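S.K.: What shape does this take:
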Amino acid sequence: MTEFTELYKKLSNFELLKIIAESDKYNPIAVETAKTEIDSRELSTEELRKVETDINEQQEIKRLEIRKRKRQEEKIKQGASTFLETVNPVQNGIQTPEKIIRLTTLIFVAVTVFTIFKEFGMLSYMFSEGEVNWDLSLVEYCFPLIILPVAIFLFWKRKKSGWVLLSIYLTYSTISAIGLFFMSLGREPSGIPALESLFPTVSPITYIMTIIFFGGTLWLICKEIIRNIYKISKQTMIMTIGSTVALNVVFIYLIIG
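M.R.: Sure, this is the predicted structure:
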């Protein structure tokens, strides 16, 4: 008898033969105990064949799932590689402004659709209820939802106003994410489960990724090869970003204060 004997008596034929078939995953004593238990049950050839068939079918399903997962991972890697090749500023060859504009537009069309879908319930409530108090916090809430669709449409049309509006949105989003990042560092759980479910704690890493995403896109469209298409001078760029930062800081101060 071994430490596994009593336990293995309760296992099914399938479970025992699976342990034997996958012996490299188990303790040698466990495998020998499984063999001893199977021998003691004196299974017929037909019973053994049936269980072995079931095991083979399950293993085949696992192999198919692994292959499917690998194909999906390869697609993701290929997509990521294509994206990095597109936006990498030091890639070999010439990086066309057109490629950057198209990619930026597609990404922010997706961001727009996702944001509106995510906030649809709140927006429906705000515009259907006549008693909603439109204070500064609600104005700040609606600002990115209104400016982004307009900005991305005009940006796609190669309009100067599109570049300006998109830069304002990206600067605003970056500064807001920085503020939320520092607020999250000092936030402690309330200890009230209901409150935590309504306002769950967001990891600082999430805000860091948001800062990188919006800040990186802002840096990308501020490249001279992009600004030239929209006829944006360096002075206009600095004024647009600087004034947005200043207004955003003042806006946050007014809401918090």
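S.K.: Please, which helix or strand holds residue 102?
M.R.: Here residue 102 sits within helix 97-118, counting by DSSP states H and E.
S.K.: and the direction of the helix or strand hosting residue 75 versus that of helix 97-118, what angle?
M.R.: Under DSSP H and E, the secondary-structure element containing residue 75 is helix 45-87. Orientation check (axes from the mean of the first three to the mean of the last three Cα atoms, to 10 degrees): helix 45-87 against helix 97-118 gives 120 degrees.
S.K.: So for helix 45-87, mean pLDDT?
M.R.: In this model, helix 45-87 has an average pLDDT of 77.
S.K.: and if you look at stretch 229-237?
M.R.: Stretch 229-237 shows a mean pLDDT of 94.
S.K.: What's the separation between residue 14 and residue 226?
M.R.: With the distance defined as Cβ to Cβ, to the nearest Å, residue 14 ends up 62 Å from residue 226. The way it works is simple: take the backbone N, C-alpha and C, and place the C-beta from them, glycine included.
S.K.: go on, residue 183?
M.R.: 32 Å.
S.K.: of those two, who's got more company?
M.R.: Taking other Cβ atoms under 10 Å, residue 183 and residue 226 do not tie; residue 226 has more neighbours (18 against 13).
S.K.: which SSE is that one in?
M.R.: Using DSSP H and E, the element containing residue 226 is helix 224-230.
S.K.: Against which helices or strands is that helix packed?
M.R.: Counting contacts by 3 or more Cβ pairs under 8 Å, 6 or more residues apart in numbering; DSSP states H and E, helix 224-230 is packed against helix 97-118, helix 160-186.
S.K.: residues in contact with the residue nearest to residue 165 when sequence neighbours are not counted?
M.R.: Nearest residue to residue 165, sequence neighbours excluded (Cβ to Cβ, 6 or more residues apart in numbering): residue 151, at 3.5 Å. By Cβ atoms under 8 Å, 6 or more residues apart in numbering, the residues touching residue 151 are 108, 162, 165-166, 168-169.
S.K.: what's around the closest residue to residue 54 other than its chain neighbours, how many residues?
M.R.: The shortest distance from residue 54 to any non-neighbouring residue, by Cβ to Cβ, 6+ apart, is to residue 14 (5.9 Å). Using other Cβ under 10 Å, the number of residues around residue 14 comes to 14.
S.K.: buried set for the helix or strand containing residue 14?
M.R.: With secondary structure defined by DSSP H and E, residue 14 is part of helix 13-21. For helix 13-21, burial by neighbour count (16 or more other Cβ atoms under 10 Å) applies to 13, 16-21.
S.K.: Identify the residues contacting that helix?
M.R.: 8, 11, 26, 30-31, 34-35, 37-38, 41, 43, 47-48, 51-52, 54-55, 58-59.
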